[in-house]
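Trainee: Everything below, folded, please.
(chains A and B)
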Amino acid sequence: MKSAVIVYPGSNCDRDAAVAIERVTGHAPTMVWHGESSLPEGLDFIMVPGGFSYGDYLRCGAIAARSPITADLIKQAEAGVPILGVCNGFQILIEAGLLPGALMRNEGLHFVCERAPLLVETSQTRFTSGYGDTKELTIPIAHHDGNYFADTETLDRLEGEGQVAFRYGNNPNGSARDIAGITNANGNVLGMMPHPERAVDAKHGGTDGVKLFESVMGSVQ
Amino acid sequence: MSQIAPEERDADGITEEIALEHVTSDEYEIILKELGRAPNLVELGIFSVMWSEHCSYKSSRLHLAKFPTSGDKVIYGPGENAGVVDIGDGQAAIFKMESHNHPSFIEPYQGAATGVGGILRDVFTMGARPVALMNALRFGDPKHPKTRQLVAGVTAGIGGYGNCVGVPTVGGETNFDKGYNENILVNAMAVGLADADKIFTAAAREPGFPVLYVGAKTGRDGIHGATMASAEFGEGSEEKRPTVQVGDPFTEKKLIEACLELMAEDAISSIQDMGAAGLTSSSVEMASSGGLGIELDLDHVPQREEAMTAYEMMLSESQERMLMIVKPGREHVAERIFKKWDLDVATIGKTAEHGRLVLRHKGEVVCDLPLDPIGENAPKYDRPHFPAEARAQIDPSDLHQPEHLGETLLQLMATPDMASKRWIWSQYDRHVMADTAASSEDPADAAIVRVHGTNKALAITTDCTPRYCFADPYEGGKQAVAEAWRNLTAVGADPIAITDCLNFGNPERPEIMGQFVGCVEGMAEACKVLSFPVVSGNVSLYNETDGRAIPPTPAVGGLGLIPDMDKRVGFGCMEDGDVILLVGETKGELGASLYMRHIEGKESGNAPRVDLAAEKRHGDYVRGEIRAGRAKAVHDLSDGGLACAAADMAIASGTGIKLAYQGNVPHFAWMFGEDQGRYLIAASAENAEAMLADAKAQSVPVSVIGLAGGRFISINGGHAVDLIALKQAYENWLPDLMGAEPEARAAE
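Mentor: The predicted model follows:
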């Protein structure tokens, strides 16, 4: 499996993403600097990692979404390559227009870090197929701006089309309809606030994130 | 420190009045003698910051020499940016703790944030990738009008910086005590990892090497921060806000990556971060520790603001800056890497043979000073000191006997010192870097961070019990070190070394100096007996306001190694039917205990005594049992004694404990006494038997004191308290306190 992780100034989950991908798939991803104009050829999977790109000094993800690499990222999304954006990566995918809605400051206004109960809303996506009948996971969260918002029409559509991949078990940030992760209409782009890459190791954060990476790998084989 | 009027800034000579705003009259005499002339304002400013307590350690150096600082695991002890210890397999752990007390009181968000930034730089300057952050916080009385705002601001600042740079904040401690009402303490600790043969140091090696400035631009923030941090607070402390630096964690993150990238190339000769006293202390320390001189052209310093004077540039404490001496001809490597990361890089000078600090600005020499008097030969004081008055032993039979011990336990679990600090640590990213095996949320006496890519782990703890240090500085100092050693032991680690952050009041007062000397000597003794050397540290004096000093607070940051992660323990794995063993002797020492403070309402009695030989024996026994796989859950006994430790274990494990006690000490003293050198262990009946036999063979006092099971903590079949009630009491105190608080001002 050929994968890539995009690195922005201020990314801080890029190494974790690479370690998780290698651990689950057996292949190390290519690390791609945001200033590049294109991603490697023939990718099976692209991950946009978490962190604080550009310090999150402007709206989270807004500057990173205007990086040189974004044009090719959008092309790859249109071509159907699976793309996972986690935390700041989710914010970047929204700012890049690949996913609908917005991520606002947490309702409690605090940064929240916890091992959160996460509900698998559908196993009918290429990111969640491996979960089968498993409904509840524990995946770490760590963010200040994860309060998902979209207008009613969009939310209805996301729910109606099976684009809500994950919901929070204990909505920690005020997200609309407890939404923790959504896919695009085509199902090949997933954005989520919880960190599956921090849940692939029994000695750190549990292993509930493993199946997400396995599902993607399975979907491209 | 009053501001210097602009018209005086460019004056060549200076009046004595201006001189005395910078240094004492005795110190000014020394300067005149050393130079054979009056210094100009730039030079005076340099003496002022370099001779400040914060930079020169002039009151403390004499006593710090009492610490043992070497050992077979020590690669670099005090004197470098951070301590470096050997963790085997060619790897080293690099760590240090530092205070940011004064700025955090004046401006809690930025004060705490830049405290984190500064301590991170100390660690990655040496070539380490930072892997963990810790913090030790002391706030005033919870009911004091400023306390909630300070808690909210400091927490947001630590989180705002640490979360953004992507280093997990894995643990720490928080106390509340009215003694900190006007002077909070914010001590931050950073731990990093590097290859043992790729450590970078600060001392300049060769004359004629280029000096590079990298990182953020220099602005007018933090001017005279080190001087501010070396004075008491009084009327108008809020006006000192301009001396507080402003943090930019995004730039720090880029600086970490750029420095580590450059360190992998053969370009850097030596490197030093710009911390307190910024460009002044970094250039002086690099040149002076290498026995060389340094020449800088300030016109080349990247500047954020226009028309900055030499004085301002040299004294600015703008953050996220480093000074490096590069091998000649390798400047372009640095330029390439720092430009990639959108950071400033400029060659601003060179090393020289002459042993002087020479600064040029706008074509003129604005400073020409011999280095020795500024750095190595800075004043050193043997301040008068007298010991604290000894306090009497508490005799439990003189105290009121509580009617229901369970109710008393419930009360103690909801006190500021005992209650959960979840409200604070849930705002810190504890998981980034994906190597955290135990952090604040996990039931373990120390944080555990895996050494990336291995099955080894670092154990990290911060400890100090200011109540004890106030009651008896010597015993309190011993106890701070012993508790750190005990906490590392309780997770199964081999304790290696400590860093410290010595927070005290005004050293010019003999009783305060007495507290300092007592604590240092107690710590030194414990470090010696436990083979637990001091490898780095920091002193913060003048933590007092209008003559009221903080309680003596020598915070200890301990580091240990768990050689095999599969043999680590916490205290949350106790199961129904487990036997509860108590390691150590219990005489029911209630002096300076939480019980005295909260149940009797008195700050009285002497500190519990630490028998260091017993401490060592007990700890080695416990570690042996952990490694043998017999101990299922281990918890050290500290604040609140046996009962509070049992409650911690029960809450974390979700199972009760039936305590059984027959003896001479009154029950409440047995339950709440804070005798040292003790642990609780939960083990299966079979393993407990073997452990008792081992204990006998090793002359360690171990006894069976209870059985796990049920939903209550009870003693001798009575005094039961429900686990759910205990958990609520423990969890609700801080959220209740902070609940009504308007948000901390968000970072701009």
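Trainee: Show me where the stretch 251-400 of chain B has its helices.
Mentor: B:278-289, B:310-315, B:331-340, B:371-374 (DSSP state H, counting those that start in this stretch).
Trainee: How far away from the center of its chain is the second one?
Mentor: When C-alpha coordinates are averaged (Cα atoms, centre = their mean, to the nearest Å), helix B:310-315 and its chain have centres 29 Å apart.
Trainee: residue contacts, the residue lying closest to residue B:375 once chain neighbours are set aside?
Mentor: What sits nearest to residue B:375 in space, not counting adjacent residues and going by Cβ to Cβ, 6 or more residues apart in numbering or on different chains, is residue B:288, at 3.9 Å. Using the backbone N, CA and C atoms, a C-beta is placed for each residue, glycine as well. With contact taken as Cβ atoms under 8 Å, 6 or more residues apart in numbering or on different chains, residue B:288 is in contact with B:371-372, B:374-376.
Trainee: Figure out the helix or strand that residue B:54 lives in.
Mentor: Assigned by DSSP states H and E, residue B:54 belongs to helix B:53-56.
Trainee: Report the mean confidence score over that helix.
Mentor: Per-residue pLDDT over helix B:53-56 has a mean of 88.
Trainee: what packs against the following helix or strand past it?
Mentor: Later in the chain than helix B:53-56, the nearest helix or strand by DSSP H and E is helix B:61-64. Helix B:61-64 sits against helix B:510-529, with contacts defined as 3 or more Cβ pairs under 8 Å, 6 or more residues apart in numbering or on different chains; DSSP states H and E.
Trainee: Could you verify my assumption that residue B:99 touches residue B:499?
Mentor: No: using Cβ atoms under 8 Å as the test, residue B:99 is too far from residue B:499 to be in contact (11.6 Å).
Trainee: residues touching the residue of the stretch 551-700 of chain B found nearest chain A, list them.
Mentor: Closest approach between the stretch 551-700 of chain B and chain A, counting by Cβ to the nearest Cβ: residue B:565, at 6.1 Å. Neighbour list for residue B:565: A:203, B:437, B:448, B:450, B:455-457 [criterion: Cβ under 8 Å, 6+ apart].
Trainee: Out of the helices and strands in chain A, which is least certain?
Mentor: helix A:210-220 (a mean of 90; mean pLDDT, DSSP states H and E).
Trainee: Output that helix as CSV, nothing but the C-alphas.
Mentor: Taking C-alpha atoms only, helix A:210-220 is exported to CSV below (Å, rounded to 0.1, in the frame of the first residue of the first chain):
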residue,chain,number,x,y,z
VAL,A,210,-6.6,-0.1,14.1
LYS,A,211,-9.7,-1.2,12.1
LEU,A,212,-10.0,2.2,10.6
PHE,A,213,-6.6,1.9,8.9
GLU,A,214,-7.3,-1.8,8.1
SER,A,215,-10.6,-0.8,6.5
VAL,A,216,-8.9,1.7,4.2
MET,A,217,-6.2,-0.8,3.3
GLY,A,218,-8.8,-3.5,2.6
SER,A,219,-10.8,-1.1,0.4
VAL,A,220,-7.8,-0.5,-1.9
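Trainee: and it, is it in reach of chain B?
Mentor: No: judged by Cβ under 8 Å from any Cβ of the partner chain, helix A:210-220 makes no contact with chain B; its nearest approach is 13.1 Å.
Trainee: counting contacts, what elements does that helix pack onto?
Mentor: helix A:14-25, strand A:45-48.
Trainee: Give me the contacts around it.
Mentor: A:1, A:20-21, A:24-25, A:44-45, A:82, A:84, A:125-131, A:134, A:196, A:199-200.
Trainee: Next, the buried residues of that helix.
Mentor: For helix A:210-220, a neighbour-count test (16 or more other Cβ atoms under 10 Å in any protein chain shown) marks A:210-217, A:219 as buried.
Trainee: and stretch A:193-200, how far apart are its ends?
Mentor: 16 Å (Cα to Cα, to the nearest Å).
Trainee: same question, stretch B:646-664
Mentor: End-to-end distance of stretch B:646-664 (Cα to Cα): 21 Å.
Trainee: Give the buried residues for that stretch.
Mentor: B:646-653, B:655-659, B:661.
Trainee: any idea of the mean pLDDT in it?
Mentor: If you average the pLDDT over stretch B:646-664, you get 94.
Trainee: and if you look at stretch A:40-56?
Mentor: The average of the pLDDT scores along stretch A:40-56 is 96.
Trainee: in chain A, which spans are strands?
Mentor: Secondary structure of chain A (DSSP state E): strands located at A:3-7, A:30-33, A:45-48, A:83-86, A:102-104, A:112-120, A:136-143, A:147-149, A:164-168, A:179-183, A:189-192.
Trainee: who wins for proximity to chain B among those strands?
Mentor: Nearest of the strands of chain A to chain B, taken as Cβ to the nearest Cβ: strand A:136-143 at 4.2 Å.
Trainee: how about the residues of chain A near chain B?
Mentor: Chain A has residues A:9-10, A:12-13, A:15-16, A:19-20, A:50-52, A:54-57, A:109-115, A:140, A:142, A:144, A:195, A:197-198, A:201, A:203-205 near chain B, with proximity defined as Cβ under 8 Å from any Cβ.
Trainee: Would you mind giving me the PyMOL syntax to select the buried ones in those residues?
Mentor: Listed next is the PyMOL selection for buried residues among the residues of chain A next to chain B, using 16+ other Cβ under 10 Å:
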select buried, chain A and resi 9+10+12+13+15+16+19+20+50+51+52+54+55+56+57+110+111+112+113+114+115+140+142+144+195+197+198+201+203+204+205
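Trainee: what residue ranges in the chain score low on pLDDT?
Mentor: No chain in the question, so chain A it is. Along chain A, the parts satisfying pLDDT under 70 run over A:221.
Trainee: I was after chain B.
Mentor: B:1-13, B:225-231, B:234-242, B:740-748.
Trainee: Please list the residues of it that sit near chain A.
Mentor: B:156, B:159-160, B:163-166, B:248-251, B:253-254, B:341-342, B:426-437, B:441, B:450, B:565, B:743, B:746.
Trainee: change it to 7 Å
Mentor: B:159, B:163-166, B:249-250, B:253-254, B:341-342, B:426-437, B:450, B:565, B:743 (Cβ under 7 Å from any Cβ of the partner chain).
Trainee: Point out the most buried one among the helices and strands packed on helix A:210-220.
Mentor: Ranked by mean neighbour count, the helices and strands packed on helix A:210-220 are led by strand A:45-48 with a mean of 28 (mean count of other Cβ atoms under 10 Å in any protein chain shown).
Trainee: neighbours around the closest residue in space to residue B:440 that isn't next to it in sequence, how many?
Mentor: Closest residue in space to residue B:440, ignoring its immediate chain neighbours: residue B:425 at 3.8 Å, by Cβ to Cβ, 6+ apart. By the measure other Cβ atoms under 10 Å in any protein chain shown, the count of residues near residue B:425 is 22.
Trainee: Double-check that residue B:608 belongs to a helix.
Mentor: No: counting by DSSP: H, G, I helix; E, B strand; the rest coil, residue B:608 is not part of a helix but coil.
Trainee: List the contacts of it.
Mentor: Each residue near residue B:608 by Cβ atoms under 7 Å, 6 or more residues apart in numbering or on different chains is listed here: B:468, B:589, B:591, B:674-676.
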